[in-house]
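**Student:** quick one: sequence and predicted model below, then my questions.
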Number of protein chains: 2
Amino acid sequence: MPIKLAIIGAGKIATDEHLPAIDAGNTFELVALVDPNLDTDATTTPATFASLDALATSEIAIDAVTLAVPPQIRHTVATQAIAAGWHVMLEKPPGITLTEVIDLGQRAERAGVVLYASWHSRHAPGIEAARQALAGRRIQRIDIDWREDVTVTHPGQAWIWQAGGLGVFDPGINAFSILTALVDTPVRATRAHLDMPSNCDAPIAAELAFVTGDDIPIAAVFDFRHTGAPGWTIDIQTDAGPVQLGDGGAQLHVDDQLVVDATKDEYAGVYARYARCIENMRSDCDIAPFRLVADVFLIGTRGVVDAFYE
Amino acid sequence: MPIKLAIIGAGKIATDEHLPAIDAGNTFELVALVDPNLDTDATTTPATFASLDALATSEIAIDAVTLAVPPQIRHTVATQAIAAGWHVMLEKPPGITLTEVIDLGQRAERAGVVLYASWHSRHAPGIEAARQALAGRRIQRIDIDWREDVTVTHPGQAWIWQAGGLGVFDPGINAFSILTALVDTPVRATRAHLDMPSNCDAPIAAELAFVTGDDIPIAAVFDFRHTGAPGWTIDIQTDAGPVQLGDGGAQLHVDDQLVVDATKDEYAGVYARYARCIENMRSDCDIAPFRLVADVFLIGTRGVVDAFYE
């Protein structure tokens, strides 16, 4: 029997990724969509509601929800969903503060439901193959380059520039989620500079330095002011040749040979993992990628740059 | 037999607090002091060394160290101390990033030594009495006011203004360490504004809002630009009257009655706890106060204020 799912937040990521992934699989059945901007109709499939309260007081049975709302309201909505007795998947980032996520984990445990803090980039087609390629090699250096045109990838998403919206770290945290999955010692931030547009509360670009537990250097450049096709690459130099992820993990070169070249399909893996969490009644709340953002914000120097207007 | 201790970093906090506390007790024996600014002499008591390497290669037996160095070098020095097989106490804050502390915890566990991330303000005379006064009362609101003249409390300490130095959160984290010891649900930051001097990489003042897990509001004001005697107060309104900590926890009023009025003596408690950690071979690494600073840095808006010159 499929897991009866409601998606909370019917914005870009829900439309682009969640709905197609649920449609393509048979583990979850989408029974409701909740968004204040929807025309509401409890008789359609999926049924549509303007609020979580309206869904909770409807006749519709729900097992689990996916929260694809902006991070600033994620904790409030997740708290309601947990109180309703539903399993909760959080889109990334899992909140605006680390303690919110800790708090939700405790609430989920008390309520006997599963909390899954998802990191979609970890399910990109090249990640598992990259892990296998790295096994037995010694990493010597990692360079991350994460550039995109924010007006294309986040059109009209004002929340990204507000406090808690993370700015360029909203995509950058995807790189961190891959990095922390590939390196098995804690990755420590050692230097950070953040470019802050004069009219925004979140950075538009960043230059970062890290080390692994074995003192292997990692450099990262994040930039939202890029034009043209996005560049999402992680280049790993090893003692036996380069391991290079491209297109956010959809492409993989090992020793300069192209070994994975897939269209990006991350959300099948996200929902497979969510299903496994529910089946085993085990939460999955790895905050390491978000903690790395917090670390960068703790040590980052900041410079004011040109105002951002979309 | 006393625990043979070395203090790494012979600055203000070591002189003002650590040395008198160790002298007054009989659990620890101070056998060495390490600081690049000391005249070194391996034959004095305590013996003095310019570096951890010099101590490690000396004939002097060490069981445990206290790190009272600036936070920017704490991880490097702690890593060396753990590798030497010594127990490690970290002054607060325990590092410049959260992941550093996680990393040190893992290293200590692998090395079979104790890591103790100390929070001296939790050992202020009024804290335990405040906890007891709060048991059975319902908290309705908390106001934190943490003001001091940085030129008096941190004279010439340039590290506090550098990236990772935390600025006014260096004393502010003491308030957080008390707060997180008194409130037994996770405290979530909801709003933060940081005043950044135009010539510094760390805030000089902050206005903060939090909630407890029961949605009780908490407000905090931190300010380094205060003149005169410091004001370190936590006012807790409860359903049965006020519980008020003054002088950083050395004073306690319950229902407007003065019930604790001690001279500040926190480090006896710090060393008693360190001794217990070592006796039980159990690390104590609560990062909640530091995580709260990270949360504030994640969501904080920032305004540029007058440059700071000492």
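**Tutor:** Okay, I see it.
**Student:** helices and strands of chain A: which one bottoms out on pLDDT?
**Tutor:** Ranked by mean pLDDT, DSSP states H and E, the helix or strand of chain A with the weakest confidence is helix A:12-13, at a mean of 90.
**Student:** which helices and strands does it pack with?
**Tutor:** Taking 3 or more CB pairs under 8 Å, 6 or more residues apart in numbering or on different chains; DSSP states H and E as contact, there are no helices or strands that helix A:12-13 lies on. Every C-beta, even on glycine, is put in place using the N, C-alpha and C of the backbone.
**Student:** what's next to it, contact-wise?
**Tutor:** Contacting residues not belonging to helix A:12-13 are listed as A:68, A:91, A:154-155, A:157 [CB atoms under 8 Å, 6 or more residues apart in numbering or on different chains].
**Student:** is residue A:211 bridged to anything, and to what?
**Tutor:** Per DSSP bridges, residues listed as beta-bridge partners of residue A:211: residue A:188, residue A:217.
**Student:** same check on the one 10 residues further on?
**Tutor:** When bridges are called by DSSP bridges, residue A:221 pairs up with residue A:145, residue A:207.
**Student:** against chain B, how distant is it?
**Tutor:** Distance of residue A:221 to chain B, computed by CB to the nearest CB, to the nearest Å: 18 Å.
**Student:** wait, that residue touches residue A:144, no?
**Tutor:** Yes: Residue A:221 is within contact range of residue A:144, at 7.2 Å (criterion: CB atoms under 8 Å).
**Student:** the more surrounded of the two?
**Tutor:** residue A:144 (22 against 16; other CB atoms under 10 Å in any protein chain shown).
**Student:** for that one, give me its contacts.
**Tutor:** Contacts of residue A:144 (CB under 8 Å, 6+ apart): A:175, A:179, A:218-221, A:233-235.
**Student:** could you export those as TSV, including pLDDT and distance to residue B:64?
**Tutor:** Below are those laid out as TSV (pLDDT from 0 to 100; distance: CB to CB, whole Å):
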residue	pLDDT	distance to residue B:64
A:175	98	39
A:179	98	35
A:218	98	33
A:219	98	37
A:220	98	37
A:221	98	42
A:233	98	46
A:234	98	41
A:235	98	43
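**Student:** the stretch 1-150 of chain A: helices as residue ranges?
**Tutor:** Here the stretch 1-150 of chain A has its helices, by DSSP state H, counting those that start in this stretch, at A:12-13, A:19-24, A:52-56, A:74-83, A:98-111, A:127-134, A:150-153.
**Student:** mind listing what the most centrally placed residue in chain A touches?
**Tutor:** Centroid check for chain A by CA atoms, centre = their mean gives residue A:92 as the closest residue, at 3.1 Å. Residue A:92 makes contact with A:117-120, A:173-174, A:177, A:289-290, according to CB under 8 Å, 6+ apart.
**Student:** just residue A:2 next, same as before
**Tutor:** Residue A:2 makes contacts with A:26-29, as judged by CB under 8 Å, 6+ apart.
**Student:** any idea how far residue A:25 is from it?
**Tutor:** If you measure residue A:2 against residue A:25 using CB to CB, to the nearest Å, the figure is 9 Å.
**Student:** need the overlap of contacts for those two.
**Tutor:** Contacts common to residue A:2 and residue A:25, judged by CB under 8 Å, 6+ apart, are absent.
**Student:** thought residue A:164 was touching residue B:300?
**Tutor:** No: look at residue A:164 against residue B:300 with CB under 8 Å: they stay out of range, at 9.4 Å.
**Student:** ok, the residue of the stretch 1-150 of chain A found nearest chain B - how many residues close by?
**Tutor:** Chain B sits closest to residue A:97 of the stretch 1-150 of chain A, with a gap of 3.6 Å, by CB to the nearest CB. Using other CB under 10 Å, residue A:97 has 30 other residues around it.
**Student:** list the residues that contact the nearest residue to it once chain neighbours are set aside.
**Tutor:** Nearest non-adjacent residue to residue A:97, counting by CB to CB, 6 or more residues apart in numbering or on different chains: residue B:295, 3.6 Å away. Residues counted as contacts of residue B:295 (CB under 8 Å, 6+ apart) are A:97-99, A:294, B:188-189.
**Student:** what does residue A:140 give?
**Tutor:** With contact set as CB under 8 Å, 6+ apart, residue A:140 has these partners: A:216, A:237-239.
**Student:** up against chain B, what does the stretch 101-250 of chain A have?
**Tutor:** By CB under 8 Å from any CB of the partner chain, the residues of the stretch 101-250 of chain A that approach chain B are A:102-103, A:106, A:163-164, A:166, A:185-189, A:191-192, A:196, A:201, A:213.
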